[in-house]
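Visitor: need coordinates for the following:
(one chain, ligands or ions: 2)
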Amino acid sequence: MADLAKPAIRPHLPAMPPHPETWLHPRPEGLHCVPGDFFIDPTRAVDRAVITHGHADHARPGHRHVLASAETLAIMRVRMGEARAGAAQQAAAPGEIVRVNGVGVSLIPAGHVLGSCQVVLDYEGSRAVVSGDYKRRRDPTCAPFVPVSCDVFVTEATFGLPVFRHPDAAAEIAKLLHSMTIFPTRAHLVGAYGLGKAQRLIALLREAGYDSPIYLHGALQKLCDLYETLGVPLGDLRPATVADKDALKGAIVLAPPSAVADRWARRLDDPVVAVASGWMRVRQRARASGVELPLVISDHADWDELLATVEDVAAPEIWVTHGAEAALLRQLSLMGRRGRALSLIGYGDEAEQE
Ligand SMILES: [Zn+2]
Ligand SMILES: [Zn+2]
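Guide: Numbers count the residues shown, from 1 in each chain. Ligands and ions are numbered 1, 2, ... in the order given. Alright, predicted model coming up:
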């Protein structure tokens, strides 16, 4: 692990390190590191990309060169196929410093999904950290977020409103298990995004002592297999599509949120419909989508986690890429930090993942 302490300004460096806004620019393709000439999570195919994690709004196909964690590269290959996952793929170990045209680039865990990393950029004594998506809550399926002190911290604000305070995930899992004791003959159909949320849900159920088979919609199979290959045990998983109807009675069936609402779910007899998402905090949203059992489990920082992270990284300046930025910017100014809205387009489209 590299030394994450901010490097002291050495005599051969300019007296005033350049402010990150002189070398890190928002562009239509995404955040561009000018001296390094690469983009972070570009929204269209570019020559050189650094990718924070495998969600589709961050990891797009067709880049010529991709730098990411080994897990993120593996996820990209599974999701988009070898050919589209980057002509040249370069894996960086956590904390390893990769030099790109005078810019030090290192990847530090973000705690969002397996392989997710913040991108730490060091240029002539000034440091910016681009966090991608992140959370501070414990997640048995990925390495925890590591705060890195910096001059500019670039954050998302998906849940950047004080109303968003995620409850303890274990308590939400207990709700699901309790419902299964109340309705022992009904299948519990749980909508969970295919990368990260589904695997975290399974791992939390296993931690809570649930060791029965868990049935999967076909769309979840490949990524669950990959998680297991990469060392995240998920227990007894079986395809829901071929299971006999009686086996699904009283069982947990996981499916992408889109499948929960469509005809796929009709194979189940009177299921209890649950969805695991940070948005389930908004009760009207749960009710409008016919969710009987909303589970507030999120892979994004909530309001308190956003503010705690701003303190932990000790950055005088915070750039907000997307999300509910107005409230966060107001709060940052109360905290004596300079805030800046980048309003990058193209992130957070994949609402299911939250
Ligand atoms: Zn994400
Ligand atoms: Zn995202």
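Visitor: contacts, neighbours, all on C-alpha from now
Guide: OK.
Visitor: tell me where the stretch 101-250 of the chain has helices.
Guide: 169-182, 197-207, 218-229, 245-248 (DSSP state H, counting those that start in this stretch).
Visitor: out of those helices, which comes closest to residue 27?
Guide: helix 197-207 (30.1 Å; CA to CA).
Visitor: state the mean pLDDT of the closest one.
Guide: For helix 197-207, mean pLDDT rounds to 98.
Visitor: what's the angle from that helix to helix 218-229?
Guide: 60 degrees (axes from the mean of the first three to the mean of the last three CA atoms, to 10 degrees).
Visitor: ok, and what's touching helix 197-207?
Guide: Contact with helix 197-207 is made by 113, 139-141, 170, 173, 192, 211, 214, 220, 224, 227, 233-235, 254, 276, 298-299, 353, as judged by CA atoms under 8 Å, 6 or more residues apart in numbering.
Visitor: quick one: contacts of stretch 318-336?
Guide: 152-161, 310, 316, 337-345, 347-348.
Visitor: end to end on that stretch, go ahead and measure it.
Guide: Taking CA to CA, to the nearest Å as the measure, stretch 318-336 stretches 11 Å from start to finish.
Visitor: one more: stretch 211-226?
Guide: 20 Å.
Visitor: give me the buried positions along it.
Guide: 213, 214, 215, 216, 217, 220, 221, 223, 224 (16 or more other CA atoms under 10 Å).
Visitor: format those as CSV; extra columns: distance to residue 44.
Guide: Output for the buried residues of stretch 211-226, formatted as CSV (distance: CA to CA, whole Å):
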residue, distance to residue 44
213, 40
214, 37
215, 35
216, 32
217, 30
220, 26
221, 27
223, 24
224, 27
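Visitor: so which of these comes closest to residue 286?
Guide: For those, the nearest to residue 286 is residue 217 (21.1 Å; CA to CA).
Visitor: how many residues are close by the residue lying closest to the closest one once chain neighbours are set aside?
Guide: Among residues not flanking residue 217 along the chain, residue 255 sits closest, at 4.8 Å (CA to CA, 6 or more residues apart in numbering). The number of residues packed near residue 255 is 27, by other CA atoms under 10 Å.
Visitor: where does residue 255 fall, phi/psi-wise?
Guide: phi -150, psi 160 (degrees, to the nearest 10).
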